[in-house]
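Enquirer: Structure for the following, please:
(2 chains)
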Amino acid sequence: MASLGTSRRNFLAGSGGTLLTLRYGSLSAAGHAGGTYRRWEDIMRNKWTWDRVVRGSHGTNCTGNCAFNVYVRNGIVWREEQQGEYASSTPDTPDYSPRGCQKGLRHAKYMYGKQRILYPLKRVGERGEGKWERIGWDQAASEIADRYIDHVVEAGPRSVTFGLGTQMLLKRATFAAFARFQCITGAELPESFAGVGDLPTGIYMTVGEPLLGDTIAAVFKSKCCLIWYCNPAVTRIPDAHFFWEAKYNGTEVITIVPEFNPTALHSSKWVNPKPGTDAALAMSMVQVILSEGLHDTGFIQEQSDLPFLVRMDNGKFLRGIDLGLTEDSADQFFYIHDKNTNAIQLAPGTGFQMPIPGAPPVLETRSLDLGDLDPALEGTWTIDTPSGPVEVTTVFQALKAECDGRYTPEIVSEITGVAPSVIRGVARTFAESEASMIFSGYRVCKWLHGDLMQRSFMLLLSVTGNLGRPGTGLQLWNMPRDDDIAAFAFDGIPPTLRVATMVRWDYSQTNAIEMNREFYGNELAEHYDKYNRIAQTEGNYPNYDDIDWKMGVFMGLNPANWRGSSERWRKDALENLETIVVAAPDMGTTPMYADYVLPVAAHYERKDMLLEPRTPYVQAMDAAVLPLGEAKDDFDVLETFARAISERATERNIAPVQDNYQIPVSRDFKQFHALYTKNGTVTSTEDILNFMIPLNEGLPQVPFSEMARHGIMKTNDAEDVVYGEHSAYHDTMIRSTRDKKPYKTLTGRQQFYIDHDWFLDEGEALPGYREPLEVEGYPMRLLMGHARHGIHSMWRDDPLLVSLQRGEPDIYVNPVDAGGRDVEDGDLIRVFNSFGSFVAMAHVTSAMQPGMTFMYHGWDPMMFRGRKNFGAVIPTSGLIKPTSVAFGYGHITYRSLAFEPNLTLADFTCDYEKYDS
Amino acid sequence: MTDKQVAMVIDLNKCIGCQACTAACKSLWTDEPGQEYMLWNNVETKPGPGYPRYWEDGGGGWNETGTGLKPGVLPPKEDHGEEIALNHQAVYFDGTETRLQQERPMGKGANWDEDTSSGDYPNNYHFYVPRLCNHCTKPACLEACPVRAIYKREADGIVLVDQDTCQGFRECNKACPYDKVYFNYMSGKSQKCIFCFPRLEEGVAPACARQCPGRLRFVGFLEDANGPIDKLVNQWRVALPLHPEYGTEPNIFYVPPILPPKFDDKGNFVADDDPRVPMEYLRSLFGPKVDAALITLHEEMEKKQTGQNSELMDLLIAKEWKSLFGIPDVKVA
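Expert: This next block holds a predicted model:
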């Protein structure tokens, strides 16, 4: 392992060398000078000493990936400190240093905490009882291998899932190792993107990719930044300073969220709509902008489908086939009315066929460039077609009519509770600022109609021309490209990576239609189920109905905490499994219900590489110390599994199993280890890293050992604050706004009008507002968000951080609501609806909007009475809206990790009362 | 008077209450038995009782003429909360208990009132205030110590409790009006923030400042003309001590908070001259000079909003992180 810097012990002993840390000369002059010698001062000086410094990070799905120096003393990690060597992207923006948070700063303590799993455990009591026998790795691996083989022989490879969780997913080599293992075994990998309600479907519907994000310094370049239904002061601790620095720099930072959250507190303005009404608010701002003529005509003419012609008789786009064209792609030719020639013209860049997965990319020659065209935004025309005259108008005109009819500030004020003057004021500031952005998180995605919210945000950005320039855009995240991961995973083996749509899996496996019936009524339940069944039979969705789920192996994830309404999923799905294996650094609900629990290396005990788009840096994680107890890193855990499976299959002489699902493959257990290790040539995570780095042009081309010496290194093609095509990330927006390449949507444009039949039927062809669902008879909303003092369930049980909260899970309630229920601050309350109930401590604060409660998510069920967390009142896991499973319409068709239904978590109501234990 | 006085400016408009400073301090200096309830650095929500609870009501400090100490009460240990272990072993590995929780209730802890807002929604208000020893120019703790265990270093003005001399009389605990001296129940000595003097002697900023991801703590000597401390405290006068009326002349200064505008009863924004945080409350924290400080901050922010330059805003933005710590060309070995 790399060791950095001279130890301070040696430094103090006079061996010279320098401190690997921050020095500043003007203060050091004070050192040791003058005064009486005091022995105790030397004791304190000696406390601040260490043996070596190693570069590390935490690599969890906070996606912070902050650069840390890890200080090792006497063979253990003593403490950590932010590395602090980030520079700025451009001279006119602040630098990124230092980056970190209290969780990162607790890790040296937490990794030695009592929740750590130190050696393999085999269950001896009931599931969930916490009674174990300590066993060795050999026994554990051999028994698990036997069970695995038995399940696959009996019920096929898909009867086993290997779930890789968010704690490990961001570690790139770990993910690659995992993906390779999946391809070899044919096991299902439940995805944890839409499966946790994080997929930004509305962005995908608009531009054909789900994540648009620049570096966080883009915030400083905006002049108007709407932080919308999002709480970066809590969820983006390392980067939040950019917002307040932008405010000091003259940016109008406006937080739009029902509760006075820690982000609102520091903003220039706070706008407080009622929960779930954000789309109405955004549409009203669009109404103000269009009616006052503040829109960016040139931008929407070129970049959006707003000038496209739509038939007034059936609400469909005017297409080439309507005009009698017969080419294959004639149904994907779209038209505008050109003011210069006063005639309809083919919209540049249309005529698009979706790429076939796995096929070589086709060179993009089409362009959005309008040339001499001047598309009309408004008007109605009669077009002669082979089937007779057709009345057409533009999407823009239809949108304007919709806005004027439904979304004037006066109407929307009634829906949102936001005053018309505020709506108009924010809309004007947004439209008139030189660069405006919307910073939003994954919380929006968790509403059933979160797609409509995001589509309306995108519309607001588009009509004001605020996409594809520094300081603009819908800033959420940017997904690192995964060519290097795929290259390792698929090297020499058939690409049978089976990424399961978690929500559809659970819909099939937990009888979710019944839950929908009970809480949302027969009509909705059957309506939704009908579309799901059509998607299942006619779309290309994988079928999970007939999987006989036998075995779950969960690595670095805690699904019993949140999946499918928590306890319900645990009882209805997880506990039905014949074999449950959990490999994790720390105990929690899911390992408690496992049959085998295996110890995994914590963040400072392993090597890997992390990409985090909020800074233009790649982060190396080096191993500061050996894994605690008998822990191994994930590569080694999988290698141990693969070896044991091959050995047991050989000993038992098990024949290969033919796997004919999708790509036919013969699963030869005896070969698993050779395949996984590429015939023994890949022996460690570091080997994978050195395989991957040369395949990623966005990375500095150095061996991992070199990267680990630096900790962070700048990535390529991240000029200014925006990622280019040779970067490690996606360049979605500038590819189209600067280079005029069509978007990856059916229309080739930012697509705001989706004339798919299901969208038309649902009234969702245009962005708009639909009311959030409620559980009838219960008045209170329970909103949730990522926590300040934990990352999901991680660090939630750190003794210091728990003591810096209330010692147990708390829920924020408004004093007016609490008073009406005889509840005082610090009382335990029972939160309930007809689905179930849980108990938490009331935290009374007037920061909450009356009628709502708020709870930071992620508290592990183990910390609640009866192990029932908030999932007990969330009956939403069967809510799969029809448009989210639509198919056969350009980009609107099932694509794993891009277009699939989200886990819904917000559309319910509840009530609460004082809890009498 | 000391040769030089080390000082810190904390910008409350950047503090997000993340407690990274608290964690950084805790791991470095107070992770030993007897120190569980000590947070030499803490962050508390204001208005609120803070840590220890109701510390502002505990007396101490100097009388109005600065000639003698005011009586102070010993802050009760239970008003601090403390770091308490959880029953991990019993629940997770022995199966003898079913719910994961603290081994005993912690009482109302150091951050019990996190985000507990004052006033009524939607015109409620609160903000975060990090607190540490003020390394006062007139330390009441030093004055109160009967055995002269407390001293103020000539070279940098850091106030320290000599652990060899301290006899545990706890007079300092009573005298400090900020309740920032703690009694170690294991060693029987009083202990407090040492402004990370071992780091400072090597030219490294204190852990709470160096490890603040919010980039909101400026560190330097008061006497360094045109250093960030001098500029913010003496030139721009936007950084003020907490409770100057306590008379100890603190050397930790705060840039007062500006919250978003209130709403009138129709939901329209209200003008700046009726701020969300009542001026009365801000005056009670930072003294009468807070009015002028806020006016200056507003004026300078407005300059930036209208495209003009502002030295003050640039200083607070601190484009270069290292500029928070005195000199711009800080080396990293």
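
Enquirer: can you pull out the helices in the stretch 151-300 of chain A?
Expert: In the stretch 151-300 of chain A, the helices defined using DSSP state H, counting those that start in this stretch lie at A:166-169, A:172-185, A:201-207, A:218-221, A:232-235, A:241-248, A:262-265, A:278-291, A:297-303.

Enquirer: now what about the fifth one, what contacts it?
Expert: Identification of contacts with helix A:232-235 by C-beta atoms under 8 Å, 6 or more residues apart in numbering or on different chains yields A:62, A:239-240, A:243, A:261-263, A:265-266, A:439, A:441, A:785-788, B:16-18. All C-beta atoms are positioned from the backbone trio N, CA, C, and that covers glycine.

Enquirer: hmm, try it at 7 Å
Expert: Under the contact criterion C-beta atoms under 7 Å, 6 or more residues apart in numbering or on different chains, helix A:232-235 has outside partners A:239-240, A:243, A:262-263, A:266, A:439, A:441, A:785-786, A:788, B:16.

Enquirer: likewise the first one?
Expert: By C-beta under 7 Å, 6+ apart, the list of residues contacting helix A:166-169 from outside reads A:60-61, A:174-175, A:192, A:555-557, A:634, A:792, A:794.

Enquirer: for it, what is the average pLDDT?
Expert: The average pLDDT within helix A:166-169 is 75.

Enquirer: how far does that helix sit from the chain's center?
Expert: 11 Å (C-alpha atoms, centre = their mean, to the nearest Å).

Enquirer: which non-adjacent residue is nearest the spatially most central residue of chain B?
Expert: The C-alpha lying nearest the average C-alpha coordinate of chain B belongs to B:Arg131 (C-alpha atoms, centre = their mean; 1.6 Å). Excluding its sequence neighbours, the residue lying closest to B:Arg131 (C-beta to C-beta, 6 or more residues apart in numbering or on different chains) is B:Asn42, at 5.6 Å.

Enquirer: so the residue nearest to the centre of chain B touches B:Trp40, yeah?
Expert: No - using C-beta atoms under 7 Å, B:Arg131 is not in contact with B:Trp40; the gap is 9.5 Å.

Enquirer: show me where chain B has strands.
Expert: Using DSSP state E, the strands of chain B run over B:6-11, B:42-46, B:127-131, B:150-152, B:159-161, B:181-184, B:189-192, B:217-221, B:240-241, B:252-255.

Enquirer: Make JSON lines out of those strands and add mean pLDDT.
Expert: JSON lines is the format used below for the strands of chain B (pLDDT from 0 to 100):
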{"stretch": "strand B:6-11", "mean pLDDT": "97"}
{"stretch": "strand B:42-46", "mean pLDDT": "98"}
{"stretch": "strand B:127-131", "mean pLDDT": "98"}
{"stretch": "strand B:150-152", "mean pLDDT": "98"}
{"stretch": "strand B:159-161", "mean pLDDT": "98"}
{"stretch": "strand B:181-184", "mean pLDDT": "98"}
{"stretch": "strand B:189-192", "mean pLDDT": "98"}
{"stretch": "strand B:217-221", "mean pLDDT": "95"}
{"stretch": "strand B:240-241", "mean pLDDT": "98"}
{"stretch": "strand B:252-255", "mean pLDDT": "98"}
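
Enquirer: Nearest to A:Thr909 among those would be which one?
Expert: strand B:42-46 (28.7 Å; C-beta to C-beta).

Enquirer: thought the residue nearest to B:Arg131 was touching B:Arg53?
Expert: No - using C-beta under 7 Å, B:Asn42 makes no contact with B:Arg53, being 11.7 Å away.

Enquirer: And the spatially most central residue of chain A, what's its pLDDT?
Expert: The centroid of chain A falls nearest to A:Asp198 when counting by C-alpha atoms, centre = their mean (4.5 Å). Per-residue confidence at A:Asp198 stands at 94 (pLDDT).

Enquirer: where exactly do the helices run in the stretch 51-200 of chain B?
Expert: Going by DSSP H, counting those that start in this stretch, the stretch 51-200 of chain B shows helices at B:88, B:140-144, B:171-175, B:197-200.

Enquirer: Could you identify which of those is most buried?
Expert: helix B:171-175 (a mean of 24; mean count of other C-beta atoms under 10 Å in any protein chain shown).
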